[in-house]
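1. the sequence and its predicted three-dimensional model are supplied below.
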Amino acid sequence: MKQLQHRLRYFAAPAVLLCAYMLLAGCSTVPPATQIVEVPVHTPCVKEVPARPVYEFDKLPLDAPDGAKILALARDWPRGRKYEGALEGALAGCH
């Protein structure tokens, strides 16, 4: 038993000192400097897609007279141009 106590005393003091040195050595190192890394991330260029208008021509029956088809197309023309402009505006940021 005395021999075991002697061995523990013999190894305990250096072990404690070694642990203390290791802890202090870890505290003395300088932390690495912060590095900023810019990574390209894919994001959609179109944030909001304009709603497609409801065209009168699409509501006409297949057997509608030619005059009704022409008038429906004439009334749909401004809606189509406005929709095209909104689409072009939404896509303008994608270049």
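-> Perfect, I can see it now.
2. where does this structure dip in pLDDT?
-> The model of the chain has pLDDT under 70 over residues 1-13, 24-29, 95.
3. please enumerate the strands of it.
-> Remark: strands of the chain are absent; assignment by DSSP state E.
4. can you give me the helices in it?
-> For the chain, the helices defined by DSSP state H occupy 2-28, 56-59, 66-91.
5. burial count for residue 79?
-> Using other CB atoms under 10 Å, residue 79 has 14 other residues around it. Every residue, glycine included, has its C-beta placed from N, CA and C.
6. same deal with residue 56?
-> Residue 56, neighbours per other CB under 10 Å, totals 16.
7. now do the one 5 residues further on
-> Close neighbours of residue 61, defined as other CB under 10 Å, add up to 6.
8. so what's it up against?
-> By CB atoms under 8 Å, 6 or more residues apart in numbering, the contact set of residue 61 is empty.
9. ok, now how distant is it from residue 68?
-> Distance of residue 61 to residue 68, given as CB to CB, to the nearest Å: 9 Å.
10. mind putting the helices of the chain into CSV with distance to residue 46?
-> Formatted as CSV, these follow (distance: least, CB to CB, whole Å):
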stretch, distance to residue 46
helix 2-28, 52
helix 56-59, 24
helix 66-91, 5
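11. what about residue 22, distance to residue 16?
-> With CB to CB as the criterion, residue 22 and residue 16 are 11 Å apart.
12. one more: residue 90?
-> According to CB to CB, residue 90 and residue 16 sit 70 Å apart.
13. neighbour count: those two, which is higher?
-> Neighbours were counted for residue 90 and for residue 16 using other CB under 10 Å; residue 90 has more, 15 against 10.
14. circling back to that earlier point, nearest to residue 35, out of the helices of the chain?
-> Judged by CB to CB, the one of the helices of the chain that comes nearest to residue 35 is helix 2-28, at 21.7 Å.
15. residues near residue 78, how many?
-> Neighbours of residue 78 (other CB under 10 Å): 10.
16. residues in contact with stretch 84-95?
-> Counting by CB under 8 Å, 6+ apart, residues outside stretch 84-95 touching it are 45, 46, 47, 48, 49, 50.
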